[in-house]
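S.K.: task: produce atomic coordinates for the following.
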Amino acid sequence: MQKPSTYLDYAASTPVEPRVLDAMLPYFSEQYGNPSAVHIWGQKAENAVERSREKIATILDCKPNEIVFTSCGSESDNLALRGVALEARETKNARHILITPVEHHAVLNTAKDLEHLHGFEVEFLEVDSLGLVSPEDLTSKIRSDTALVSIIFANNEIGTINDVHALGDICQSKNVPLHTDAVQAASQLSMKVNELNVQLLSLGAHKFYGPKGIGALYVRSGINISPSQTGGGQEFGLRAGTSNVPLIVGMAEAFEITNATRTDHNEKYRKLRDRLLSSIPNLVPDSRITGHPIHRLPNHASFVFRGVDGNQLLAALDAAGFGCSSGSACKTGDPTPSDVLLAIGLPAQWALGSLRVTVGRSTQDEDIEHFLGVLPAIIEQLRKVNS
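M.R.: The predicted structure follows:
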């Protein structure tokens, strides 16, 4: 079987940047101490962890002790929702949670768990046909017993960017903490938490050319949160377990590089993205762009095609040498329509035929032209087979 030669799934994951790998390597074999140990080996490891924490805090414009390292973005989402909700229930008897129907499943399923196992009431905020949260709906639904609001910054499936700052104003006026899943956004958008007006923010390193298996959660000072796991008291008592020093170093290095090069990369991404967005609806009959046409991630193009099975489309593209996703990478292989696409009002016959194309640092103009030359014929053939 031909392996994909053109990777167009950078929203799912990115390669580790060579400078990131170089920064990590010494902590696997040369500086291998446990950061909790008091000897010199442990001190060197601890220094590496704390330098990394400071690097990330500088980019987020927050205090180093507001950064909690986790294993990934999903764990960060879990810690934010469970930690804040369970603490709020104990201290304020707050049992109401507000989320959107277009969240990543790390948020959706954690909220469901809190509802089914811990007695919380989960309520969904409305989104429009472009995936944007309604500020008016947030204002009307937020309550005195709301423990937490969680609103995705930039949607992983359709690329839409929410006005998190404005939504944060509403939450702040009600003294309710706002969490944002910024895992998809961090590779391309500014992450200054005070400008965003959030109390909690989730990151995952492998979305911005860092290693898999490491993430972080920003928790603003003064926000009470219950630990996700107990043990030796690492990460300020919120997430026990021996620190993964090489991956922490790699995450900080990747985030620093991303922050320094974001403007140049985004300019390139937008040109490639806009070529996809302007071409595919004209090349493929019965196709639609999903997500906001302007307020969307620079590297993100997404579509639906009527009468096409998204998984068949991915397989055909893979055979033709292209790696893409159908909606979220976490949903690929599931024959049911995406929750996100249904939430923005698409009927099932459209929602089943979704395609996400995301470009990255290695993507070239000729990659996009080649893709545009192949896609229409593949969809036409799939429609003939399924008719």
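S.K.: what residues go with each domain of this protein?
M.R.: According to automatic domain parsing, the chain comprises the domains 6-14+262-386, 18-257.
S.K.: weakest of those in terms of mean pLDDT?
M.R.: Among those, domain 6-14+262-386 carries the lowest mean pLDDT, at a mean of 93.
S.K.: what's the spacing between that domain and its chain's center?
M.R.: Mean-position distance between domain 6-14+262-386 and its chain equals 17 Å (CA atoms, centre = their mean, to the nearest Å).
S.K.: any idea how far apart the tips of it sit?
M.R.: This stretch, domain 6-14+262-386, spans 27 Å end to end (CA to CA, to the nearest Å).
S.K.: those strands in the chain, which residues are they?
M.R.: Under the criterion DSSP state E, strands of the chain are mapped to 6-7, 67-70, 96-99, 121-124, 146-150, 178-181, 200-204, 215-219, 287-289, 300-305, 322-323, 354-358.
S.K.: before we move on, back to that, Throw the domains of the chain into a markdown table and include mean neighbour count, thanks.
M.R.: Quick note: C-beta positions are derived from backbone N, CA and C, even for glycine. Shown next, in a markdown table, are the domains of the chain (neighbours: other CB atoms under 10 Å):
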| stretch | mean neighbour count |
| --- | --- |
| domain 6-14+262-386 | 19 |
| domain 18-257 | 20 |
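S.K.: show me where the protein has helices.
M.R.: Assigned by DSSP state H, the chain shows helices spanning 18-24, 26-29, 40-60, 73-92, 105-118, 135-141, 164-173, 193-196, 245-283, 310-319, 339-343, 348-351, 365-386.
S.K.: okay, the angle between the third one and strand 215-219?
M.R.: Pointing back at helix 40-60 there. Per axes from the mean of the first three to the mean of the last three CA atoms, to 10 degrees, the angle that helix 40-60 makes with strand 215-219 is 60 degrees.
S.K.: would you mind writing the CA trace of helix 40-60 as PDB?
M.R.: Only the C-alpha atoms of helix 40-60 are listed here, as PDB (Å, rounded to 0.1, in the frame of the first residue of the first chain):
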ATOM      1  CA  ILE A  40      22.900  17.300  42.400                       C
ATOM      2  CA  TRP A  41      21.400  15.000  39.800                       C
ATOM      3  CA  GLY A  42      17.900  15.800  41.100                       C
ATOM      4  CA  GLN A  43      18.700  19.500  41.300                       C
ATOM      5  CA  LYS A  44      19.700  19.700  37.700                       C
ATOM      6  CA  ALA A  45      16.500  18.000  36.600                       C
ATOM      7  CA  GLU A  46      14.500  20.300  38.900                       C
ATOM      8  CA  ASN A  47      16.200  23.300  37.400                       C
ATOM      9  CA  ALA A  48      15.300  22.100  33.900                       C
ATOM     10  CA  VAL A  49      11.600  21.700  34.900                       C
ATOM     11  CA  GLU A  50      11.500  25.100  36.500                       C
ATOM     12  CA  ARG A  51      13.200  26.800  33.600                       C
ATOM     13  CA  SER A  52      10.700  25.300  31.300                       C
ATOM     14  CA  ARG A  53       7.800  26.400  33.500                       C
ATOM     15  CA  GLU A  54       9.200  29.900  33.400                       C
ATOM     16  CA  LYS A  55       9.500  29.900  29.600                       C
ATOM     17  CA  ILE A  56       5.900  28.800  29.200                       C
ATOM     18  CA  ALA A  57       4.700  31.400  31.800                       C
ATOM     19  CA  THR A  58       6.500  34.100  29.900                       C
ATOM     20  CA  ILE A  59       4.700  33.300  26.700                       C
ATOM     21  CA  LEU A  60       1.300  33.100  28.500                       C
END
